[in-house]
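Novice: sequence unavailable; structure follows:
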C-alpha cells in the first residue's frame, strides 16, 4: 500500500511539473520574458502586466480596425489576412480589442511558437484566453499562456 501511494505521489508530482512547464506560472511572466527585460525601464514596463482571462471573438485586427468587419461573413477574409501576416485579436462583448501573442518571449522571437494558424482556423469563434495583459493608451495586448476554444 505504501509503495502504491509513493508511486502515485511521484506520478502526481511529475505531472504537475510537466503541466507547469507547458502552461507556465499563472500570474507572472515566463522566464524568457523576464530575461528579455534588459534594463530597469523594461523591467518596470513588464511589471505593469497583470494576469487576466478574457473571452471574445477572434478577429483580424486589420479588417476590424479599418472596416469594422467581424462575424461569420468575415470568417474567410479574416482567416486569409491572419495567415498572410496581419495581426489577430480578441474582441470582447464590451468591444475591447486585445492584440494576441504567445507569452514566451524567446520562442516567439525565434519563430518557435506561432498562434497564427490556430487563430485563423477559429476566426469569428468565441475563445477564452488567459495570459499577461499589458495596457496603455495605445491599446491592449494579451500574451497568452492558455487558450480555450468554445464549442
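Specialist: Perfect, I can see it now. This one's a predicted model, so the numbers in the text were calculated from it and none came from an experiment. Numbering: from 1, shown residues only.
Novice: and the strands in the chain, which stretches?
Specialist: All strands of the chain, identified by DSSP state E, fall at 50-60, 88-92, 97-102, 126-136, 139-149.
Novice: of all the ones you listed, which lies closest to residue 36?
Specialist: strand 139-149 (11.4 Å; C-beta to C-beta). The C-beta positions use only the backbone N, C-alpha and C, and glycine is treated the same way.
Novice: list the contacts of the closest one.
Specialist: Residues from elsewhere that reach strand 139-149, judged by C-beta atoms under 8 Å, 6 or more residues apart in numbering: 23-24, 26, 29-30, 33, 49, 52, 54, 90, 96-103, 115, 118, 122, 125, 127-135.
Novice: show the buried residues in these.
Specialist: The neighbour count (16 or more other C-beta atoms under 10 Å) marks 24, 29-30, 33, 49, 54, 90, 97-98, 100-103, 115, 118, 122, 127, 129-134 as buried among these.
Novice: quick one: which of the strands of the chain is nearest residue 77?
Specialist: strand 50-60 (7.2 Å).
Novice: could you give the average pLDDT over the closest one?
Specialist: For strand 50-60, mean pLDDT rounds to 97.
Novice: buried stuff in that strand?
Specialist: 51, 54, 56-60.
Novice: so which elements touch that strand?
Specialist: helix 75-83, strand 88-92, strand 97-102, strand 126-136 (3 or more C-beta pairs under 8 Å, 6 or more residues apart in numbering; DSSP states H and E).
Novice: as CSV, those with distance to residue 68 and mean pLDDT would be great.
Specialist: Formatted as CSV, the helices and strands packed on strand 50-60 follow (distance: least, C-beta to C-beta, whole Å; pLDDT from 0 to 100):
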stretch, distance to residue 68, mean pLDDT
helix 75-83, 12, 96
strand 88-92, 10, 97
strand 97-102, 11, 96
strand 126-136, 19, 96
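Novice: how about these in JSON lines, adding distance to residue 142?
Specialist: Compiled in JSON lines, the helices and strands packed on strand 50-60 are given as follows (distance: least, C-beta to C-beta, whole Å):
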{"stretch": "helix 75-83", "distance to residue 142": "16"}
{"stretch": "strand 88-92", "distance to residue 142": "7"}
{"stretch": "strand 97-102", "distance to residue 142": "5"}
{"stretch": "strand 126-136", "distance to residue 142": "5"}
